[in-house]
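[1] Structure for this input, please:
(2 chains)
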Amino acid sequence: MSIEINGVTKRFGAFLAVDDVSLDIPEGKLTALLGPSGSGKTTLLRIIAGLEQPDSGTIRLGGQDTADVHVSHRGVGFVFQHYALFKHMTVFDNVAFGLTVKPRRERPPKGEIRDRVLELLRLVQLEGMAGRYPSQLSGGQRQRVALARALAVQPKVLLLDEPFGALDAKVRAELRRWLRRLHDELHVTSVFVTHDQEEALEVADQVVVMNKGRIEQAASPQQVWDKPANPFVYNFLGSVNLFRGRVHGGQAMVENVRLCLPEMKSDAESRPVVAFVRPYDLDVSRKPFAPDDIAAQVRFIHSAGALIRIDLQRSDTGDAVEAQLDRDRFRELALSVGDTVYLHPRNMQVFVEDYQI
Amino acid sequence: MNGFVWRQPSVLPGFGLTMGFTLLYLSLLVLIPLAGMILFTAKLDWAQFWAAVTHPQVMASYRLSFGASFIAAGINAVFGVLVAWVLVRYAFPGKRIVDALVDLPFALPTAVAGIALTAIYSTTGWMGQHLEIFGIKVAYTPIGVTVAMTYIGLPFVVRTVQPVLEDLDRELEEAAACLGATRWQIIRRVILPSLLPALLTGLALAFARALGEYGSVVFIAGNMPYYTEITPLLIITKLEQYDYTGATAIGTVMLVAAFVLLLIINGLQWWASRRH
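    The predicted structure follows:
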């Protein structure tokens, strides 16, 4: 079931949590709401679920306005960051809860509930755990119980609030891949909130980047990564180096690197620009290739991991710069702390005020 | 096997001192007086003891004391949860005053409470004269005893349930609502089971308090033998008649009964909290 969000605003006292947000969430897709804490992503999710009332704006589920539909009748499954399992019930009773609270007319017979619950537990790979209490499970298992519980009522929309936020890194990575596979099996329209860009980019079909209650960009992971709409999105998706320069008559000068910007040709004025360079888009060499290369000194080498991260300090301005090298290149250069190297940006993303080039 | 280790090395010193003091304290205040009472009772032989503690007048007082205490604790369990709910979940003007009112039965001398309740519920009192119309007599009947016991037991349930209710995760209710549960189903299947261990503790405390209560009950009870005579009063009566062994015999029965009941309630509590 598709979700249409139209002009939704929500305030908590003086704090503007969600600011006139409009967004279409396509049916059957997995959408990520990505943003730093306080960006309004959880509030937006809770408004979709009906756990919060928007001050203005509408939510339509499958084309139907939900203003007067209570949360218990919206047909949404909601998974909480801290699981919110019923501690006094077994895993079985937790998963069965949504079925057993149905009015007597709609409630399936006991045997059917049993079959359904056991099937869901198989789906979330928790067979044989039906008789346990939540306190006897690990974090990852609890979250899977919470997911099975939400799925038991066959929701039209599945909403997950930082579902893996409370888990450790390895379990997180496993669970999010598993969630993706599960989604491909079930095809239920799903929205999940995360502050982890890696998680959003890896799992989602559509990534919605939020900041200060507004949507900065809504696009596919590929597009968000390759064509970030603005400096915020670019910055948020990963560590970056920032360089300053000017654009004039279709040509930008950033750190003595001349860039052709044909889109800006008509612009006669000289404007300041900022250029972002990802750490892996910086060439590092012992000798300058071109006169415009940036001289910098090696400050620290993080040599654990697939890529070697190097903290550098520019010799001219003293600004910090981060570069990433693969292991072969690092060995070839044989860098150590204190060495002077030359940097050459291979790929820049240039932003002029509000324009994107 | 290492067997039992008396103390673990710890950054917090003082196990010996605090444990020693605790044992001394409990011995002086609880264990020695109770042991003395039982020893004193032992002066009676079995037949005498049995005759003293099963006298019809004493039996009637047991029924009243235990029955009224149990009813009072039950009433407090229901309304105590309600009061705690209102105090935790809603903001209203005068909330702090209501919160303080709950503790008043703790602070007020019980005799004062007894006199006040008697004045209000006697057939000429504010409440009593209206209830009289319906043929309900409160003062000088077992109902009056129950009223006094309810009054002194109120704070226990409220104060044990309140912090648990405050800590109860709102997300549990939201999760239940998302799953289609109605308000009543959420209360019955999610909130009340979470409160059960605390509620049982409050119930046990209120019950124990009501069972031992003397000051406020004797005024409103009227103390008619076989009708509104509570067991503690009977003990006092025996003491006034210099029947010390008779008094301690009944006291021993009360002690054992209270102990067994508290044990049962503790068992229930363990059963309820085992799953958390």
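
[2] pLDDT averaged over the helix or strand where residue B:52 lies - what is it?
    In this structure, residue B:52 sits in helix B:46-53 according to DSSP states H and E. Average pLDDT, helix B:46-53: 89.

[3] So which bits of that helix are buried?
    B:49, B:52, B:53 (16 or more other C-beta atoms under 10 Å in any protein chain shown). Every C-beta, even on glycine, is put in place using the N, C-alpha and C of the backbone.

[4] Those residues of chain B touching chain A, which are they?
    Listed as neighbours of chain A in chain B under the rule C-beta under 8 Å from any C-beta of the partner chain: B:169, B:171-172, B:174-182, B:185, B:189-190, B:193-194, B:196, B:275-276.

[5] one step back: between the buried residues of helix B:46-53, which is nearest residue A:245?
    For the buried residues of helix B:46-53, the residue nearest residue A:245 by C-beta to C-beta is residue B:53; the value is 99.7 Å.

[6] what are the ranges of the helices in the stretch 101-250 of chain B?
    Ranges of helices in the stretch 101-250 of chain B, per DSSP state H, counting those that start in this stretch, are B:104-107, B:110-121, B:128-133, B:142-167, B:170-178, B:183-186, B:192-212, B:215-221, B:231-240, B:244-273.

[7] As CSV, these with mean neighbour count and mean pLDDT would be great.
    Converted to CSV, the helices of the stretch 101-250 of chain B look like this (neighbours: other C-beta atoms under 10 Å in any protein chain shown; pLDDT from 0 to 100):
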stretch, mean neighbour count, mean pLDDT
helix B:104-107, 12, 87
helix B:110-121, 18, 90
helix B:128-133, 14, 84
helix B:142-167, 22, 93
helix B:170-178, 21, 93
helix B:183-186, 14, 93
helix B:192-212, 22, 90
helix B:215-221, 24, 88
helix B:231-240, 18, 91
helix B:244-273, 16, 86
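
[8] quick one, which of the ones you listed is nearest to residue A:234?
    helix B:170-178 (34.4 Å).

[9] who's in contact with the closest one?
    A:49, A:51, A:70-72, A:74, A:76-78, A:80, A:82, A:84, A:86, A:97, A:101, A:146, A:149-150, B:185-186, B:189-191, B:194 (C-beta atoms under 8 Å, 6 or more residues apart in numbering or on different chains).

[10] In ChimeraX, select just the buried ones from those.
    Buried residues among the contacts of helix B:170-178 (16+ other C-beta under 10 Å), as a ChimeraX selection:
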select /A:49,51,71,72,74,76,77,78,80,84,86,97,101,146,149,150 /B:185,186,189,190,191,194
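
[11] In helices, which of the contacts of helix B:170-178 fall?
    Among the contacts of helix B:170-178, the members found in helices (DSSP state H) are A:49, A:97, A:146, A:149, A:150, B:185, B:186, B:194.

[12] Columns distance to residue B:247 on top of those residues, output as a markdown table?
    Below are the ones in helices among the contacts of helix B:170-178 laid out as a markdown table (distance: C-beta to C-beta, whole Å):
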| residue | distance to residue B:247 |
| --- | --- |
| A:49 | 65 |
| A:97 | 55 |
| A:146 | 60 |
| A:149 | 59 |
| A:150 | 64 |
| B:185 | 52 |
| B:186 | 51 |
| B:194 | 44 |
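
[13] for the residues you listed, which one is nearest residue A:274?
    Closest to residue A:274, out of all of the ones in helices among the contacts of helix B:170-178 and judged by C-beta to C-beta, is residue A:49, at 38.2 Å.

[14] Quick one, grab the pLDDT at the closest one.
    For residue A:49, the model assigns a pLDDT of 93.

[15] and it, how far is that from residue A:172?
    23 Å (C-beta to C-beta, to the nearest Å).

[16] And for residue B:82?
    43 Å.

[17] neighbour count winner among those two?
    Legend: neighbour count by other C-beta atoms under 10 Å in any protein chain shown for residue B:82 and residue A:172, higher for residue A:172 (20 against 13).

[18] residues contacting the more buried one?
    With C-beta under 8 Å, 6+ apart, residue A:172 has these contacts: A:164, A:196, A:199.

[19] change it to 7 Å
    residue A:164 (C-beta atoms under 7 Å, 6 or more residues apart in numbering or on different chains).

[20] Now it: which helix or strand?
    helix A:169-186.

[21] hang on, the earlier thing: tell me the helix or strand right after the helix holding residue B:52.
    Sequence order places helix B:56-89 as the next helix or strand after helix B:46-53, per DSSP H and E.

[22] quick one: that following helix to helix B:170-178, angle?
    90 degrees (axes from the mean of the first three to the mean of the last three C-alpha atoms, to 10 degrees).
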